[in-house]
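Enquirer: Generate a structure from the sequence data that follows.
(one chain, ligands or ions: 1)
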Amino acid sequence: MSVSRIVFTSLNYVGWGALDNLLPEVERFSPKKILVVTDPALEKIGLVQRVTDPLAQRGYDVQLYTDVVPEPPLETGEKLVSFTREGKFDLIIGVGGGSAMDLAKLAAVLAVHEGKVADYLNLTGTKKVEKKGLPKILIPTTSGTGSEVTNISVLSLDTTKDVVTHDYLLADVAIVDPQLTVSVPPRVTAATGIDALTHAVEAYVSVNASPTSDGLALQAIRLIARSLRKAVENGADKQARIDMSNGSYLAGLAFFNAGVAGVHALAYPLGGQFHIAHGESNAVLLPYVMGYIRKSCTKRMADILNALGGNSSFLSEEEASYKCVEELERIVRDVGIPRTLGGFNIPESALESLTKDAVQQKRLLARSPLPLLEDDIRTIYQSAFRGVVTEPK
Ligand SMILES: [Fe+2]
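Expert: Okay, here's the model as predicted:
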């Protein structure tokens, strides 16, 4: 018997209207100066004001930081951490997608540490996170990243990505309110939704999967499979938004505890080298990676097929796992995401540099049920260029 290490955030509010819990939670921390980290687009459309206005009306000193970009580079993290140290804030609120929330938790923790963000990177850093940092509340406005319930902050480097990770990066409070996702445009709904689906699928087949993460992952897959297409087609579909919000949240908890693997490892260089959005990078690779590793986890793929709404009852495990890959391909196609790397204007000449960077993602690759070495990774990228799922020889 193996022992699973299971971690959850301390307090989560999840559901339509969950944002009503913000004021009482903020009051609990008695902050003198609050920093709200958010995406500039959310300020423009007035969404972040739903967080800041009630706080300002209650008399809190609230400062807005909007210098957040998608797939944030290391320098963006360095700037925000310096700003947070100088500003003497005592509560950080992250509002937005993965970038805003990742930066908010990074700033909250590194505000009480010395040195640069680069010193704390997983692959090349030399310093360790030692203190909990400032309290932090995370409020997602997309259904996808799961950042509100994970202990990880992802940063873009020159050609790839690295992370700062420690349990101190976990939110003190996460508020997951599907009302905040209603205005998310279809393309972002699709990309973030497939990201969430990928979290659940990769967590379910991970070598670190446990009964706890399995339950979270399968329920996440069910909710996402029944509602992602609807949420993309009609953003005002309340039930679809509620399902996606819950699905993304559960998938976040699942992958935080079981890990993601090959899809994310191969997706990072697409973001790093070609600035493809994280969700779209995962989406285009999902069928090819899962098709490649299928034979190492046929039983689990059959379970995923059922959670996706298929039926494995009259199929062998082998057939069901094959059908599962087809279902994953179908959902990516149905939400309108290109099916090949060429569809993102990535030239085949990038094959070697993509492979070289993906091989570095050892933390992620270690969770794959089929060990993925350099040749395997190259073959998967090739299949994603050609648009044909391939299997190991
Ligand atoms: Fe992801």
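Enquirer: Show the low-confidence segments of the stretch 51-200 of the chain, by residue range.
Expert: Across the stretch 51-200 of the chain, not a single residue meets the criterion (pLDDT under 70).
Enquirer: mind listing the helices for it?
Expert: All helices of the stretch 51-200 of the chain, identified by DSSP state H, counting those that start in this stretch, fall at 74-87, 98-110, 186-205.
Enquirer: which other helices and strands contact the longest one?
Expert: Pointing back at helix 186-205 there. With contacts defined as 3 or more CB pairs under 8 Å, 6 or more residues apart in numbering; DSSP states H and E, the secondary structure elements packing on helix 186-205 are helix 211-233, helix 238-258, helix 262-274, helix 278-293, helix 298-307, helix 317-334. Using the backbone N, CA and C atoms, a C-beta is placed for each residue, glycine as well.
Enquirer: what sits against L197?
Expert: Taking CB atoms under 8 Å, 6 or more residues apart in numbering, we find L197 in contact with A220, I221, I224, A225, L228, G247, A251, L286, L328, I331.
Enquirer: pLDDT added to these, as CSV?
Expert: Listed next are the contacts of L197 as CSV, based on pLDDT from 0 to 100:
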residue, pLDDT
A220, 98
I221, 98
I224, 98
A225, 98
L228, 98
G247, 98
A251, 98
L286, 98
L328, 98
I331, 98
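Enquirer: K33: which of the residues you listed is nearest?
Expert: The nearest member of these to K33, counting by CB to CB, is A251 at 33.9 Å.
Enquirer: Touching, that closest one and G146? I think so.
Expert: Yes: here A251 reaches G146: they are 5.7 Å apart, a contact under CB atoms under 8 Å.
Enquirer: Residues that sit against both of those two, list them.
Expert: Common contacts of A251 and G146 (CB under 8 Å, 6+ apart): A196, H199.
Enquirer: More neighbours: these two, which one.
Expert: A251 (34 against 31; other CB atoms under 10 Å).
Enquirer: Now do that one against E75, distance only.
Expert: Going from A251 to E75 by CB to CB, to the nearest Å gives 30 Å.
Enquirer: ok, and the closest non-adjacent residue to S321?
Expert: M301 (3.5 Å; CB to CB, 6 or more residues apart in numbering).
Enquirer: From V81, how far out is that neighbour?
Expert: For M301, the distance to V81 (CB to CB) stands at 42 Å.
Enquirer: The two: which is more packed in?
Expert: M301 (29 against 22).
Enquirer: my guess is that one contacts A320, does it?
Expert: Yes: the criterion here is CB under 8 Å, and M301 meets it with A320 at 6.7 Å.
Enquirer: Ramachandran angles for the residue of the chain most remote from its centre?
Expert: Counting by CA atoms, centre = their mean, the extreme residue of the chain relative to its mean C-alpha position is F314, 34.3 Å from that point. Note on F314: its backbone torsions stand at phi -100, psi 20 [degrees, to the nearest 10].
Enquirer: how about the nearest residue to the residue nearest to the spatial centre of the chain, chain neighbours excluded?
Expert: Within the chain, one residue has its C-alpha closest to the average C-alpha position: by CA atoms, centre = their mean, that is T145, at 2.6 Å. The spatial neighbour of T145 that comes closest, neighbours along the chain excluded (CB to CB, 6+ apart), is G98 at 3.2 Å.
Enquirer: how about the strands of the stretch 51-200 of the chain, start to end?
Expert: All strands of the stretch 51-200 of the chain, identified by DSSP state E, counting those that start in this stretch, fall at 61-65, 91-96, 136-140, 152-156, 161-165, 173-176.
Enquirer: What is the longest one packed up against?
Expert: Secondary structure elements in contact with strand 91-96, counted by 3+ CB pairs under 8 Å, 6+ apart, are helix 22-29, strand 33-38, helix 98-110, strand 136-140.
Enquirer: quick one on the thing from earlier: a markdown table for the strands of the stretch 51-200 of the chain, including mean neighbour count and distance to N345?
Expert: Compiled in a markdown table, those are given as follows (neighbours: other CB atoms under 10 Å; distance: least, CB to CB, whole Å):
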| stretch | mean neighbour count | distance to N345 |
| --- | --- | --- |
| strand 61-65 | 17 | 33 |
| strand 91-96 | 29 | 27 |
| strand 136-140 | 28 | 29 |
| strand 152-156 | 24 | 19 |
| strand 161-165 | 22 | 20 |
| strand 173-176 | 25 | 34 |
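Enquirer: could you dump those to TSV with distance to G125?
Expert: Written out in TSV, the entries for the strands of the stretch 51-200 of the chain read as follows (distance: least, CB to CB, whole Å):
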stretch	distance to G125
strand 61-65	24
strand 91-96	21
strand 136-140	21
strand 152-156	11
strand 161-165	8
strand 173-176	26
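Enquirer: Quickly note the distance from the nearest residue in space to A107 that is not next to it in sequence to T38.
Expert: Here the nearest residue to A107 in space, its sequence neighbours aside, is T84; by CB to CB, 6+ apart that works out to 4.3 Å. Relative to T38, T84 is positioned 14 Å away (criterion: CB to CB).
Enquirer: Those two: which has the busier surroundings?
Expert: When T84 and T38 are compared on other CB under 10 Å, the one with more neighbours turns out to be T38, at 28 against 25.
Enquirer: thought the more buried one was touching Y65?
Expert: Yes: under the criterion of CB under 8 Å, T38 makes contact with Y65 at 7.3 Å.
Enquirer: returning to that earlier point: residue contacts, the residue nearest to A107?
Expert: Under the criterion of CB under 8 Å, 6+ apart, the contact list for T84 reads L35, I92, A107, A108, L110, A111, L134.
Enquirer: burial measure for the third one, as a count.
Expert: The burial count assigned to A107 is 29, neighbours taken as other CB under 10 Å.
Enquirer: cool, and the fifth one?
Expert: The local packing count at L110 equals 30, with neighbours defined by other CB under 10 Å.
Enquirer: Excluding chain neighbours, give the residue nearest to it in space.
Expert: Nearest non-adjacent residue to L110, counting by CB to CB, 6+ apart: V81, 4.6 Å away.
Enquirer: Same check on Q63?
Expert: L35 (5.4 Å).
Enquirer: Could you double-check that that neighbour lies in contact with D90?
Expert: No: taking contacts as CB under 8 Å, L35 lies outside contact range of D90: 9.0 Å.
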